[in-house]
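Trainee: Quick one, what's the 3D model for this:
(one chain, ligands or ions: 2)
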Amino acid sequence: MTENVKINRGLKGIYFERSGVSHIDGAAGELSYRGYSIHDLATKSTFEEVCYLLIHGELPTQDELTAFDATLKAARELPDQVYDIIRATKDGHPMDVLRTAVSALAALEADSQNVGPEAFLANGLRLTSQVPMIIAAHENIRNGRDPVPADKTLSHAANWLWMLKGEKPSEDAARLADVDFILHAEHGANASSFAARVTIGTEANLHGGIVTALSTLAGPAHGGAAEDVMKMVHEIGTPDNAAAYVKAKRKNREAVTGFGHRVYRAEDPRARHMRDGVKKLGEEMGAPEWYEILQGVVDAMKPYARHGLNVNVDFYSGVIYQLHGIPMDLYVPIFAIGRMPGWIIQCMDQQDSNILIRPLTLYNGPDMRPYTPMTKR
Ligand SMILES: CC(=O)SCCNC(=O)CCNC(=O)[C@H](O)C(C)(C)COP(=O)(O)OP(=O)(O)OC[C@H]1O[C@@H](n2cnc3c(N)ncnc32)[C@H](O)[C@@H]1OP(=O)(O)O
Ligand SMILES: O=C([O-])CC(=O)C(=O)O
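Mentor: Numbers count the residues shown, from 1 in each chain. Ligands and ions are numbered 1, 2, ... in the order given. I've put the predicted structure just below:
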């Protein structure tokens, strides 16, 4: 009876819900948030405005944005116990430290157990401000420095760089971080957002959903790709080696990291903005070779582009972070800073029209058999 059941491994091509938050046209290589093109948002908007748009559904008026921004700024506080936890785990991967700290916040903050739209929004906005604080505090603590207190006058992106480096960023550096966060803010039923929805589907709290999302983002097939791209760039070393590197990978049928996507068959529209950033920053900083190595890989991968294998958002972002002197293991946590509003709204939407997410696996194990006692095995 089960022989004709169609199995959709990896849930490829399956719609599990409706969503009005973002739209991906994989064939055309287009992405929009709430009906606004990612290209307009990346060039004209700010992360704070995009957060508001994603969460509330409309671009804010000036008064609405001012109030929203004030809520985010006021939330730039961490309990002392979180700093203790960061100190105790400082030698771990920053993604593990971040996940552990967010999990600790669930246990430390009185209202974290509350569910309902107001609680999800309040906890979500607070976590949006706390996540960059945790990452920056860890980077300082593991390098023997004290955490840099948040500056409540700076934008989300500028404050992140301030806390990370202890010096006020240039306007260009802050804008590049802002654009990076905008580009990473939301992406439909990606693995981490889907995982968060599974957690919220059990009526868990928002912190639980975000801990799940962080765990899922960390893998190299998802948010971890930017770190792997940078390792690849170091392994290639000079632009001349790029073609041979790709040839060897293809021969062994290994994935070339930063390429491929479950939904896009054309180039990921977010990559364009990162590519422009790498090129400009590399030239400005007298280090154009990183861009040249990446373009060498792109050229060598061209024969596969017609099969839908193109660069994704993570292909260029690592080099931007490297040019800013940011260590490789912070690349996934930086993705998480940007993805916060996407996770929050997906958790809120899941809660709003909740249904337990529970698919089926088709059993292909042994037929029913009698229990074998230990002495007979
Ligand atoms: C922010 C993000 O999460 S974006 C994704 C970041 N991840 C990466 O960059 C890691 C490298 N990429 C990959 O591993 C994959 O492309 C994934 C996991 C992102 C998507 O995987 P899937 O949707 O299962 O792959 P898909 O079905 O599109 O693959 C089709 C074919 O392209 C191949 N392919 C996919 N990605 C790559 C790649 N990066 N390099 C070489 N070949 C690839 C597959 O092997 C498959 O070939 P086959 O049909 O001969 O077996
Ligand atoms: O949508 C996906 O599968 C992965 C992705 O690009 C993202 O989460 O930004």
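Trainee: Roughly how far does whichever residue of the stretch 51-200 of the chain sits closest to ligand 1 sit from Gly219?
Mentor: Proximity of the stretch 51-200 of the chain to ligand 1 (Cβ to the nearest ligand atom) peaks at Asn190, 6.2 Å away. The way it works is simple: take the backbone N, C-alpha and C, and place the C-beta from them, glycine included. According to Cβ to Cβ, to the nearest Å, Asn190 stands 12 Å off from Gly219.
Trainee: now do Gly296
Mentor: Going from Gly296 to Gly219 by Cβ to Cβ gives 26 Å.
Trainee: So for those two, which sits in the more crowded spot?
Mentor: Gly296 (22 against 14; other Cβ atoms under 10 Å).
Trainee: Quick one: the strands in this structure, in order.
Mentor: 22-25, 30-33, 36-37 (DSSP state E).
Trainee: Now do the contacts for Ser193.
Mentor: Contact analysis of Ser193 by Cβ atoms under 8 Å, 6 or more residues apart in numbering lists Glu186, His187, Ala213, Arg339, Gly342, Trp343, Gln346.
Trainee: and if you look at Asp299?
Mentor: Ala242, Ala243.
Trainee: Quick check: residues of the protein near ligand 1?
Mentor: By Cβ under 6 Å from any ligand atom, the residues of the chain that approach ligand 1 are 10, 221-223, 225, 255-262, 309, 312-314.
Trainee: Try it again at 8 Å.
Mentor: Proximity of the chain to ligand 1, by Cβ under 8 Å from any ligand atom, involves residues 10, 12, 184, 187, 190-191, 220-225, 228-229, 249-250, 253-263, 268, 301, 304, 307-309, 312-315, 335.
Trainee: same for ligand 2: which of those are within range?
Mentor: Applying Cβ under 8 Å from any ligand atom to those, one finds that 184, 187, 190-191, 222-223, 261-263, 268, 312-314 fall near ligand 2.
Trainee: For the residues you listed, which PyMOL command selects only the ones that are buried?
Mentor: This is how PyMOL selects the buried members of these, with burial counted by 16 or more other Cβ atoms under 10 Å:
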select buried, resi 184+187+190+191+222+223+261+262+263+268+312+313+314
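Trainee: Might you specify the subset of the ones next to ligand 2 among the residues of the chain next to ligand 1 located within helices?
Mentor: Under the assignment DSSP state H, those contribute His184, Ala191, Asp314 to helices.
Trainee: doesn't Ala225 make contact with the second one?
Mentor: It stands for Ala191. No - assessed by Cβ atoms under 8 Å, Ala191 is found out of contact with Ala225, at 11.9 Å.
Trainee: any weak-confidence spans in the stretch 101-250 of the chain?
Mentor: Within the stretch 101-250 of the chain, the set of residues satisfying pLDDT under 70 is empty.
Trainee: redo that, cut-off 90
Mentor: 110 (pLDDT under 90).
Trainee: ok, so what distance separates whatever residue of it ends up closest to ligand 1 from Tyr371?
Mentor: Nearest residue of the stretch 101-250 of the chain to ligand 1: Ala225, at 3.6 Å (Cβ to the nearest ligand atom). Separation of Ala225 from Tyr371 (Cβ to Cβ): 46 Å.
Trainee: Likewise for Met274?
Mentor: Counting by Cβ to Cβ, the gap from Met274 to Tyr371 is 58 Å.
Trainee: Neighbour count: those two, which is higher?
Mentor: Using other Cβ under 10 Å as the criterion, Met274 and Tyr371 rank with Met274 on top: 28 against 5.
Trainee: Look up the pLDDT of the closest residue to Asp69 other than its chain neighbours for me, please.
Mentor: Nearest non-adjacent residue to Asp69, counting by Cβ to Cβ, 6 or more residues apart in numbering: Glu48, 5.2 Å away. As predicted, Glu48 sits at a pLDDT of 98.
Trainee: For the residue lying closest to Ile86 once chain neighbours are set aside, give me its contacts.
Mentor: Nearest non-adjacent residue to Ile86, counting by Cβ to Cβ, 6+ apart: His138, 5.1 Å away. His138 is in contact with Ile86, Lys90, Pro94, Val97, Leu98, Ala101, counting by Cβ under 8 Å, 6+ apart.
Trainee: Show me which residues of this protein sit near ligand 2.
Mentor: 24, 184, 187-193, 217, 222-223, 261-264, 268, 270, 312-314, 339, 342.
Trainee: Please list all residues in contact with the residue lying closest to Gly338 once chain neighbours are set aside.
Mentor: With Cβ to Cβ, 6+ apart as the criterion, Gly338 has its nearest non-adjacent residue at 3.1 Å, and that residue is His184. His184 makes contact with Arg270, Val313, Phe335, Ile337, Gly338, Arg339 under the criterion Cβ under 8 Å, 6+ apart.
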